[in-house]
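1. Give me a 3D structure for the following:
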Amino acid sequence: MFDWDDLRTFLAVARAGRIAPAARALGIDATTIGRRLARLSQSLDSTLFEIAGGERRLTERGQSLLQHAEAIESAALAAMDDGGGSPGGPTGQVRLSVAEGFGTWVLAPAVAEFNMQYPGIQLDLVTASGFLNPSKREADMAVMLARPQRGRLVVKRLGNYRLRLYAAKTYLDRAGRPRHPGELRNHILVGYVPEFIFSPELDYLGEVEAGLKAHLRSTSINVQHRMLSEGAGIGVLPDFIGTNDPRLVPLMPDEVAITRSFWLVTHADLRSLARIEALAGWLAAKVASLGYADRG
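-> Modelled structure (predicted):
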């Protein structure tokens, strides 16, 4: 027999690949992690990890244990879930990873509504650069810009959103209004820092006109929005940002309209939990409110 805490520690290290991030995720120190792993290995009389380049890689026995451990974890989560039958509805914590712009402009204004509808759910809205990985249990759910190709995941396309060129009237009064994409070469462009684009779906200046490069750059879409609204130049923004700022003017709307999709990604073991289903339904409604019917 072995301790559940040891198994939970094993899962965290298997998913993170290193001791330090696993310790942070569990809220314990690295020494405790090492002690628990050693105790689990001894109880199973097996080596569970190999160390290569500072990373912990599962041995064949470790891979086998991972499958059983995830099944046990899934059963434990299902047992703890109230199924939504309590008077207050679903309860528990959900960690949701989203892009910064979507979290700021679409979800944050509606969080009060979500909390009133589901007061028992503790929602962690994470907007760090890049997406947390539900497959590694870094997050319970993620709204991503591309469909992941691997992992024990349930993936659903929530819907589409559109992006257009925007500039402030103050900039256009000063620099003139471009009439076709080729004229953008004569303007100051705002965009992402290429080396820090965490998803290729964010690299859209080249779709507007081949060879365009941003002169003023930021890793943050909110910073880009602020630069544009203050008259710094011309840039691409999602319509759910651009249309909500009266200082911004859409440019060449008939010629430049980029479409992207939102994908809801959930770990397979969590999909039937009441709190997960509640949040998934709310997210679908928020994306539908953006006004694009071409879902699939």
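
2. which ones are touching residue 58?
-> Residues counted as contacts of residue 58 (CB atoms under 8 Å, 6 or more residues apart in numbering) are 14, 48-50, 66. Every residue, glycine included, has its C-beta placed from N, CA and C.

3. what do you get for residue 102?
-> Residue 102 touches 143, 238, 240, 262, counting by CB under 8 Å, 6+ apart.

4. what does the host helix or strand of residue 31 contact?
-> Residue 31 belongs to helix 30-44 when assigned by DSSP states H and E. The contact list for helix 30-44, computed with CB under 8 Å, 6+ apart, reads 1-3, 5-7, 9-10, 12-13, 19-20, 22-23, 26, 47-49, 61, 65.

5. Also stretch 213-228?
-> Residues contacting stretch 213-228 (CB under 8 Å, 6+ apart): 99-101, 104, 129, 166-168, 171, 188-194, 196, 205, 232-235, 237-238, 241-242, 245, 248.

6. Make a PyMOL selection of whichever of those residues turn out to be buried.
-> To isolate the buried ones among the contacts of stretch 213-228 in PyMOL, judged by 16 or more other CB atoms under 10 Å, type:
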select buried, resi 99+101+104+166+167+168+171+188+189+190+191+192+205+232+233+234+235+237+238+241+242+245+248
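
7. Mind checking which of the contacts of stretch 213-228 land in strands?
-> Counting by DSSP state E, the part of the contacts of stretch 213-228 found in strands is 166-168, 189-191, 234-235, 237-238, 248.

8. where does the chain have low pLDDT?
-> For the chain, the stretches with pLDDT under 70 are 1-2, 73-88, 128-137, 292-296.

9. I'd like the domain boundaries of it, if you could list them.
-> 4-80, 92-159+261-288, 160-259 (automatic domain parsing).

10. ok so, going back, and which of the ones in strands among the contacts of stretch 213-228 is nearest residue 149?
-> Nearest to residue 149 among these is residue 238, at 24.3 Å by CB to CB.

11. From residue 180, how far off is the closest one?
-> Per CB to CB, to the nearest Å, residue 238 is found 22 Å from residue 180.

12. thinking again about what came up before, closest one to residue 210 out of the ones in strands among the contacts of stretch 213-228, please.
-> Using CB to CB, those come closest to residue 210 at residue 189, 13.6 Å.

13. and that closest one, bridged to which residues?
-> residue 234 (DSSP bridges).

14. Please list all residues in contact with it.
-> By CB under 8 Å, 6+ apart, the contact set of residue 189 is 205, 212-216, 233-235.

15. and if we set it to 10 Å?
-> 165, 167, 205, 208-209, 212-217, 232-236 (CB atoms under 10 Å, 6 or more residues apart in numbering).

16. so residue 107 makes contact with residue 115?
-> No - contact criterion CB atoms under 10 Å: residue 107 and residue 115 do not qualify, at 11.9 Å.

17. Report the set of residues contacting both of these two.
-> Contacts common to residue 107 and residue 115, judged by CB under 10 Å, 6+ apart, are residue 123.

18. of the two, who's got more company?
-> residue 107 (19 against 13; other CB atoms under 10 Å).

19. and residue 70, what helix or strand is that in?
-> Taking DSSP H and E as the criterion, residue 70 maps to helix 60-80.

20. Just the buried positions in whatever helix or strand comes next after that helix, please.
-> Downstream of helix 60-80, the next assigned helix or strand under DSSP H and E is strand 92-97. By 16+ other CB under 10 Å, the buried positions in strand 92-97 come out as 92, 94-97.

21. Could you say which helix or strand holds residue 255?
-> Using DSSP H and E, residue 255 falls within no helix or strand.

22. For it, list the residues it contacts.
-> 164-165, 179-181, 208-209.

23. Neighbour-wise, which one of those leads?
-> With neighbours defined as other CB under 10 Å, the most crowded of the contacts of residue 255 is residue 165; it has 27 neighbours.

24. ok, now how distant is the closest residue in space to it that isn't next to it in sequence from residue 237?
-> Nearest in space to residue 165, with sequence neighbours left out and distances taken as CB to CB, 6 or more residues apart in numbering, is residue 251 at 4.1 Å. Separation of residue 251 from residue 237 (CB to CB): 11 Å.
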